[in-house]
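# Mind folding the following:
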Amino acid sequence: MKNRRYTGTMSKTSKTKYILYVRKSEEHSESQIQSINSQVEHGKALAKKKGLNITKTLTEERSALKPNNRPVFEEMMQMIQSGEANGIIAWSINRLSRNPLESGKMQQLLHQRDIESIWTDKREYLPEDNALLLSVESSMANQYSRDLGKDVKRGQKDKLKKGWRPGIAPLGYLNTKTELQGENYILKDPDRFPLIKKAWKLMLTGNYTPDEIRTKLNKEWGFRTRKWKQRGGRPLSRSSMYEIFNNLFYTGLFEYSGEIYKGKHKPMITVEEYDKVQILLGGKGKPRSSSYEYAFTGGLITCGECGGQISATTKEKVLSDGTAKTYVLYYCLNSQKSTHDCSQSYTNVKKINEQISNKLKCFAIPPEFKDWALEILQEKHEEETNDHHAIMKQRRKTRDQAQKSMDRLVDLHIREQIDEEMYVKKKEKLEKEIIKLEKQVDETRKDAKDWVKLTEKAFSFACYAHSNFINGNLKKKQEILNAIHLNCELKDGNITIESHKWLVPIEDKREKLVSLYNSLELDFERLTKQESEAFSTLNPIMRGRTDLNRRSFP
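Sure thing, here's the model as predicted:
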């Protein structure tokens, strides 16, 4: 076939049916408004010059960087595959594709002659041409898009670091046009900034709806949007009014690609005022993204009615005085199900905190009492040391005797004076006994060493838990509740806490012991034996035995 590049000659067949495909990259891009018309005019002029038959003109406003993103392009491919067309006219190859997948699809259709001809401003591509030619130009278009994307992202990151939001400024602000590309910034619109700010103030009063404010803007204050070449200069629409009240940009912050940045533009309102407006807008508001943490979720509390898990949520409300208030509410997850498996309602975290605080008061002891009690405990510990040594000696002796029995049994087995069945049976019994005795020896040693230290931890926790709970952060509150309870239930707004057993003696005897402490003078030399023995009522907390709970304390 004769080469038809720039010859102006007719194709081998005059029956080639061409589609004029025209595309611009961005929807609503002001800089590309003229792109579509310009490409159509150029394509028609090329067809007239070369004698090409255009059966259909297809236009599209989509990016070709990603595959399967252009429905009109897919329509053209289907027309070619069905035989409705077999030629393409486009401004350049990069108008047809900027990604390898669709470039390959187009090359394949050309290779198998479903496409007879592709005309661009520079040349014609034919099935019998070297496949490398179209492949190279397509790859160049793909690489250009990748490089351009990297450059754009790099420029955007630099701009974000400087505190300037990329893109068109919201109503009330203007983009500068005199700086170098990528260096433009955002300033106040002298005509619209005061009016938009006044609209925010009206909304903050809570006495006006967005529609009422929009009416004032358009009819009373004569507000008109910015004028562009082919749009703008009109009254504010209802959707635009909500876009303004939902836009964080007016606080001096802005959101871009899911992240919040601090801008250098002039704020119109405060962040607190923005939050208040979002509450007033209700379902049409756009609250700032935030992650709340809750102290008593994650299985710490269960529902007293159905046993379900207790969760929490945060609600916001504008009060009659115009201030915004945040409420943290706890609820049973089953009560939110459509099946209504639970009838429990919300409980304010303030009430939960008060009830846990009251529970902590039940075993709160004054620091002076703790120091006094621990000094007496130290004296009692010295008295009990001999007992521990005696117990340790006897348990070691019993363990050694069991070990000797094991040695004799092995000796008898070696001499074949005992059959295999009897040997195995006695050996297993002795092994279990030795393991048990070893454990008792270890427990006695540990009890003798640690019981005063563990008791000191218990008293310290009881002494400071209440104040730590009141003044602590969420994590500290969670740790304290986790330390005191075996089971905690919420029902009808009331918390029921089953205390750990190491706290029960303190809780039961606290009032009596504190009363005793208050009645005594802090002169330890004058304490009678009877008074010091009063602490034995705190068994097992005050006595070193194996039933002392060894859990750690916050």
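# tell me the secondary structure for the closest residue in space to residue 165 that isn't next to it in sequence?
Nearest-residue entry for residue 165: residue 254, 4.5 Å, with adjacent residues in sequence omitted and distances by CB to CB, 6 or more residues apart in numbering. C-betas here are computed from N, CA, C, even on glycine. Put simply, residue 254 is strand when judged by DSSP: H, G, I helix; E, B strand; the rest coil.
# same thing with residue 509?
Applying three-state DSSP: residue 509 is helix.
# Tell me how far it lies from residue 160.
63 Å (CB to CB, to the nearest Å).
# quick one: secondary structure of residue 121?
Quick answer, by three-state DSSP: residue 121 is coil.
# Correct me if wrong: it contacts residue 42.
Yes. Contact criterion CB atoms under 8 Å: residue 121 and residue 42 qualify, at 6.9 Å.
# Unless I misread the structure, residue 267 falls within a helix.
No. Per three-state DSSP, residue 267 lies outside any helix segment and is coil.
# so what does the helix ranked longest in the chain touch, helix or strand wise?
Counting by DSSP state H, the longest helix found in the chain is helix 420-471. Applying 3 or more CB pairs under 8 Å, 6 or more residues apart in numbering; DSSP states H and E, we find helix 420-471 packed against helix 349-361, helix 367-414, helix 474-484, helix 504-519.
# And the average pLDDT for it is what?
For helix 420-471, mean pLDDT rounds to 73.
# How far away from the center of its chain is it?
Centroid separation for helix 420-471 versus its chain: 42 Å, with CA atoms, centre = their mean, to the nearest Å.
# circling back: which neighbours do residue 121 and residue 42 share?
Counting by CB atoms under 8 Å, 6 or more residues apart in numbering, the shared contacts of residue 121 and residue 42 are residue 91.
# And those two? Which one has more around it.
Higher neighbour count among residue 121 and residue 42: residue 42, with 16 against 13, using other CB atoms under 10 Å.
# Hmm, the more buried one is touching residue 92, no?
No. The criterion here is CB under 8 Å, and residue 42 misses it with residue 92 at 10.4 Å.
# Find the residues that touch each one of the two.
residue 121.
# And for stretch 488-498, what's in contact with it?
For stretch 488-498, using CB under 8 Å, 6+ apart, the contacting residues are 300-305, 310, 330, 332, 344-345, 347, 351-352, 355-356, 359, 481, 484-487.
# CA-only coordinates of it in PDB, if you can.
Below are the C-alpha coordinates for stretch 488-498, written out as PDB (Å, rounded to 0.1, in the frame of the first residue of the first chain):
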ATOM      1  CA  CYS A 488     -19.100  -4.400  86.200                       C
ATOM      2  CA  GLU A 489     -22.600  -3.900  84.900                       C
ATOM      3  CA  LEU A 490     -24.700  -0.900  83.700                       C
ATOM      4  CA  LYS A 491     -28.500  -1.000  84.000                       C
ATOM      5  CA  ASP A 492     -31.000   1.800  84.200                       C
ATOM      6  CA  GLY A 493     -28.200   4.300  84.500                       C
ATOM      7  CA  ASN A 494     -26.700   2.600  87.500                       C
ATOM      8  CA  ILE A 495     -23.300   0.900  87.800                       C
ATOM      9  CA  THR A 496     -22.900  -2.300  89.800                       C
ATOM     10  CA  ILE A 497     -19.300  -3.200  90.600                       C
ATOM     11  CA  GLU A 498     -18.200  -6.600  92.000                       C
END
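# So what does the residue of the chain most remote from its centre look like in phi/psi?
The outermost residue of the chain, judged against the average C-alpha position, is residue 417 (72.8 Å), by CA atoms, centre = their mean. Backbone torsions for residue 417, taken as degrees, to the nearest 10, come to phi -90, psi 0.
# Distance of it relative to residue 408?
Taking CB to CB, one finds residue 417 at 10 Å from residue 408.
# One more: residue 118?
In terms of CB to CB, residue 118 sits 101 Å off from residue 408.
# Tell me which of these two has more neighbours.
Just comparing residue 118 and residue 408: by other CB under 10 Å the higher neighbour count belongs to residue 118, 24 against 10.
# tell me the secondary structure for the more buried one?
Residue 118, by the three-state scheme (three-state DSSP), is strand.
# Name whatever forms a beta bridge with it.
residue 88, residue 125 (DSSP bridges).
# Was I right to think it contacts residue 129?
No. In this structure residue 118 lies outside contact range of residue 129 using CB under 8 Å: 9.7 Å.
# List the buried residues of the strand or helix carrying residue 78.
Element membership for residue 78 (DSSP states H and E) is helix 71-81. Neighbour-count burial for helix 71-81, counted by 16 or more other CB atoms under 10 Å, picks out 73, 76-77, 79-80.
# domains of this structure?
17-158, 173-284, 302-356 (automatic domain parsing).
# Please state the mean pLDDT value computed over stretch 112-123.
Mean predicted confidence for stretch 112-123 is 88.
# which residues are in contact with that stretch?
Contacts for stretch 112-123 (CB under 8 Å, 6+ apart): 5-6, 11, 13, 16, 18, 42, 46-47, 50, 52, 80-81, 86-93, 96, 106, 109-110, 124-127, 134.
# ok, now with 7 Å
5, 11, 16, 42, 46, 50, 52, 80-81, 86-93, 109-110, 124-127 (CB atoms under 7 Å, 6 or more residues apart in numbering).
# Show the buried residues in these.
Using 16+ other CB under 10 Å, the buried members of those are 11, 16, 42, 46, 50, 52, 80, 86-91, 93, 109-110, 124-127.
# List the buried residues for stretch 300-318?
Those buried within stretch 300-318 under the rule 16+ other CB under 10 Å are 300-306, 308, 310-312, 318.
# Out of those residues, flag the one nearest to residue 465.
Checking the buried residues of stretch 300-318 against residue 465 with CB to CB, the nearest one is residue 300 at 15.6 Å.
# for the nearest residue in space to the closest one that is not next to it in sequence, what are its contacts?
Spatial nearest neighbour of residue 300, excluding adjacent residues (CB to CB, 6+ apart): residue 481 at 5.8 Å. Contacts for residue 481 (CB under 7 Å, 6+ apart) come out as 296, 300, 356, 488.
# quick one: pLDDT of residue 481?
85.
# next helix or strand past the strand or helix carrying residue 488?
Applying DSSP H and E as the criterion places residue 488 in strand 485-491. Later in the chain than strand 485-491, the nearest helix or strand by DSSP H and E is strand 494-499.
# and that following strand with helix 474-484, angle?
60 degrees (axes from the mean of the first three to the mean of the last three CA atoms, to 10 degrees).
# Next, the buried residues of strand 494-499.
495, 497, 499.
# Next, format these as JSON lines and append distance to residue 281.
Shown next, in JSON lines, are the buried residues of strand 494-499 (distance: CB to CB, whole Å):
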{"residue": "495", "distance to residue 281": "35"}
{"residue": "497", "distance to residue 281": "41"}
{"residue": "499", "distance to residue 281": "46"}
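# thinking again about what came up before, contacts for the helix holding residue 78?
19, 21, 58, 60, 85-86, 105, 109, 114-115.
# And for stretch 49-66?
Contact partners of stretch 49-66, identified using CB under 7 Å, 6+ apart, comprise 8, 10, 16-25, 27, 36, 40, 47, 69-70, 72-73, 75-76, 85, 89, 97-99, 119, 145, 149.
# repeat that with 6 Å
10, 17-25, 27, 36, 47, 69-70, 72, 76, 85, 97-98, 145 (CB atoms under 6 Å, 6 or more residues apart in numbering).
# Can you tell me which of those are buried?
17-25, 47, 70, 76, 85, 97-98, 145.
# so residue 249 makes contact with residue 170?
Yes. Contact status for residue 249 versus residue 170: in contact at 5.2 Å, counting by CB atoms under 6 Å.
# what sits against the closest residue to residue 364 other than its chain neighbours?
Spatial nearest neighbour of residue 364, excluding adjacent residues (CB to CB, 6+ apart): residue 466 at 4.4 Å. Shown in contact with residue 466 (CB under 6 Å, 6+ apart): 360-361, 364.
# that older thread, would you mind telling me which of residue 249 and residue 170 has more residues around it?
In terms of neighbours (other CB under 10 Å), residue 249 is the more surrounded of residue 249 and residue 170; the figures are 23 against 20.
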